[in-house]
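**Q** what follows is a predicted structure for the sequence shown.
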Amino acid sequence: MANRAQIPTSNSALIAMIADEDSVVGFLLAGVGNVDLRRKSNYLLVDSKTTVKQIEDAFKDFTTREDIAIVLISQYVANMIRFLVDSYNKPVPAILEIPSKDHPYDPAQDSVLTRVKHLYSAESVASGRR
């Protein structure tokens, strides 16, 4: 258990969001929003004017910050930076793809579900079960 990733406990860990306006506002109203002393927030509101570069930068920033434990990202936004999402392999912060109001959720594109299916299929083959 010594190799497990630790979430900082001196301060509470944050949830970061990269999503459309409705999703971000809903989570902000639920209290997950945070702006630190350097004016860095824990969310990126994605709209038609948001560039892929801004999304990539926010994803890289959120996944390297030590105060973030979970990154929620709308699946359609994750598809814009799929290469980054699929190549991310650290346990903390966890990356969770969520549906949005205007874009239906597709389990076949979810990177976490794909990894779980691959893991279980590898276990089945290794143990001789199907």
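**A** On my side now, so go ahead.
**Q** use CA for all of it now, contacts and neighbours both
**A** OK.
**Q** residue boundaries of the helices in the chain?
**A** 21-29, 52-64, 75-80, 82-87, 111-127 (DSSP state H).
**Q** and the pLDDT at residue 91?
**A** Residue 91 carries a pLDDT score of 88 in this model.
**Q** again with the one 10 residues further on
**A** pLDDT recorded at residue 101 is 84.
**Q** circling back to that earlier point, deepest of the helices of the chain, which one?
**A** Ranked by mean neighbour count under mean count of other Cα atoms under 10 Å, the helices of the chain are led by helix 75-80, which reaches a mean of 21.
**Q** got the contact list for it?
**A** 18-19, 46, 52, 55, 85, 97-100, 103, 105-106, 109-110 (Cα atoms under 8 Å, 6 or more residues apart in numbering).
**Q** please repeat the previous calculation with a cut-off of 7 Å.
**A** 19, 52, 85, 97-99, 103, 105 (Cα atoms under 7 Å, 6 or more residues apart in numbering).
**Q** how close does the nearest residue to residue 111 once chain neighbours are set aside sit to residue 93?
**A** In space, and not counting its chain neighbours, residue 111 is closest to residue 86: 6.1 Å by Cα to Cα, 6 or more residues apart in numbering. Per Cα to Cα, to the nearest Å, residue 86 is found 14 Å from residue 93.
**Q** what's the answer for residue 84, then?
**A** In terms of Cα to Cα, residue 84 sits 14 Å off from residue 93.
**Q** also residue 72?
**A** 10 Å.
**Q** neighbour-wise, which of these two wins?
**A** residue 93 (26 against 21; other Cα atoms under 10 Å).
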